[in-house]
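A.B. asks: This is a predicted model, with the sequence first.
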Amino acid sequence: DIQMTQSPSSLSASVGDRVTITCRASQGISNSLAWYQQKPGKAPKLLLYAASRLRSGVPSRFSGSGSGTDYTLTISSLQPEDFATYYCQQSYRNFWTFGQGTKVEFK
Amino acid sequence: EVQLVESGGGLVQPGGSLRLSCEVSGFLVSVNYMSWVRQAPGKGLEWVSIIQSGGSTYYADSVKGRFTISRDESRNTLYLQMNSLRAEDTAVYYCARERRDNYDNINGVDPWGQGTLVTVSS
């Protein structure tokens, strides 16, 4: 099974900060990586897929990059509504794996 | 309007069974890849199972042999039959669609249902 190691597990930031979250896969996943945002009591929301493609309607301050085993989610200027937990997910082959999550908290 | 509505959750004793349903509107379950994902209280997301458009099914090791995913085309509904339930199966269970483009490239998981809570406890 492919393991996803996401870091950090939590971070404190202020409005306007640039935030970076990383995910490392235990083997190459050919850009089969998506990022989700989840707020308490709600279902996850898709932000990006195929490592760097922004889902329609998602603000452009969210971006993704990476290849092979290493991937990054960047929020260029953190907004109040962005305080949430973020998950990466690989869908290489037929089995999905999620990262452990990164909780973005207000500093 | 695209919508996924889960139901069937509740309190069940260890060793018991439960069947979750996910009623879908706005697209056909039969031509999409559909999955169940769960989230234990205060924990992260865990993929449970997927049924492909062609009918092939796959399961996480943690539920293999105990859970069965299926669909009913006439009802446009996805199911998860859960047997031999354990305390560690306690979670909110979400159904979701794996988006694919015309070239069969995966475009993330979207939409998701609102989730249904399963509690396994004596």
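C.D. replies: Arrived safely.

A.B. asks: What are the phi and psi values at A:E81?
C.D. replies: phi -80, psi 0 (degrees, to the nearest 10).

A.B. asks: Look up which residues are beta-bridged to residue 19.
C.D. replies: Went with chain A since none was named. A:I75 (DSSP bridges).

A.B. asks: I was thinking of chain B, sorry if that wasn't clear
C.D. replies: Residues in beta-bridge contact with B:R19 (DSSP bridges): B:Q81.

A.B. asks: surely it meets B:Y79?
C.D. replies: Yes. Counting by CB atoms under 8 Å, B:R19 touches B:Y79, with 6.0 Å between them. (C-beta placed from N, C-alpha, C; glycine too.)

A.B. asks: tell me the centre residue of chain B?
C.D. replies: With distances taken as CA atoms, centre = their mean, B:W36 lies nearest the centre of chain B, 2.4 Å away.

A.B. asks: Does it fall in a helix, a strand, or a coil region?
C.D. replies: Of the three states, B:W36 takes strand according to DSSP: H, G, I helix; E, B strand; the rest coil.

A.B. asks: Report pLDDT for A:R93.
C.D. replies: In this model, A:R93 is scored at 78, pLDDT.

A.B. asks: Chain neighbours aside, what residue packs nearest to it?
C.D. replies: Leaving aside its chain neighbours, A:R93 sits nearest to A:I2 (7.7 Å; criterion: CB to CB, 6 or more residues apart in numbering or on different chains).

A.B. asks: and the closest residue to the residue nearest to the centre of chain B other than its chain neighbours, what does it touch?
C.D. replies: With sequence-adjacent residues excluded and distances taken as CB to CB, 6+ apart, B:W36 is closest to B:V48, at 4.2 Å. If a contact means CB atoms under 8 Å, 6 or more residues apart in numbering or on different chains, then B:V48 has B:S35, B:W36, B:V37, B:R38, B:Y59, B:A60, B:V63, B:F67, B:L80, B:Y93 as its contacts.
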